[in-house]
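Chemist: Here's a sequence, model it:
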Amino acid sequence: MEIVKKNEYELNNLEKAGLQTLLKSAFPDCLSSRIYFKQLPHFRLIGSIENTIIGQVGVDHRVISLNGNSKSIFGIIDLCVDSAHKRKGLAEEMILEIESLAKENKIDFIVLFADDQRLYHRLGFQSVSNRCKWLGIDEHKTVGIIQDSLADCMMIKKTGNSEWQNEDVDMLGYLF
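Modeler: Presented below is the predicted three-dimensional model:
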């Protein structure tokens, strides 16, 4: 098994087809004909065996505003592993690779939104209850600015020197 980092614009048609198959299987109600949910990630980590994609995670690199202070983040997008390869450490390995990249590149935090938080808690992420503001996107259309608490799903992990505060967060873009 190998994990490679690919910038989104570098994906070839074969990789896009493999990602589409994986994502459609993992998220059947959300993704059908594309390889992203709301917006393209900046880069992905792709796990494969013999040129077959068995796992992926997208990463959004951006600045957010935490109580008016800018923080550099990696946002985790659509982490998934093929059902035949689950519970073999691939998801954990990809998250640890993102954490390593974040630390190497002085990213303040990794941020994600998850319904099932077990893996992330095990890897040191913490649930937070900040009130957030983000750009609402639905099927390639901006639908407005949304403000709400995401305490049921928002998680962070510190990777830099900044401290997280339980203050207002402006995502300065869409919710990944």
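Chemist: neighbours of the closest residue to residue 19 other than its chain neighbours, just the number please.
Modeler: Spatial nearest neighbour of residue 19, excluding adjacent residues (CB to CB, 6 or more residues apart in numbering): residue 35 at 4.5 Å. The C-beta positions use only the backbone N, C-alpha and C, and glycine is treated the same way. Residue 35 is flanked by 23 other residues according to other CB atoms under 10 Å.
Chemist: Read off the pLDDT value for the most far-flung residue of the chain relative to its centre.
Modeler: Ranking residues of the chain by C-alpha distance from their mean position (CA atoms, centre = their mean) puts residue 50 at the top, at 24.9 Å. Note for residue 50: predicted pLDDT of 93.
Chemist: Please name the bridge partners of residue 53.
Modeler: For residue 53, the residues forming beta bridges with it (DSSP bridges) are residue 48.
Chemist: if I pick it, what's in contact with it?
Modeler: When contacts are counted by CB atoms under 8 Å, 6 or more residues apart in numbering, residue 53 is found next to 15, 18, 19, 21, 22, 46, 47, 82.
Chemist: Is the fourth one within a helix or a strand, and which one?
Modeler: Here residue 21 is covered by helix 13-26, with elements defined by DSSP states H and E.
Chemist: Could you give me the buried positions within that helix?
Modeler: Burial within helix 13-26, assessed by neighbour count using 16 or more other CB atoms under 10 Å, is assigned to 15, 18, 19, 20, 22, 23, 26.
Chemist: quick revisit: assign the residue nearest to residue 19 to helix, strand or coil.
Modeler: Put simply, residue 35 is coil when judged by DSSP: H, G, I helix; E, B strand; the rest coil.
Chemist: Mind pulling up the pLDDT for it?
Modeler: On the pLDDT scale, residue 35 is placed at 92.
Chemist: Nice, that's everything, thank you.
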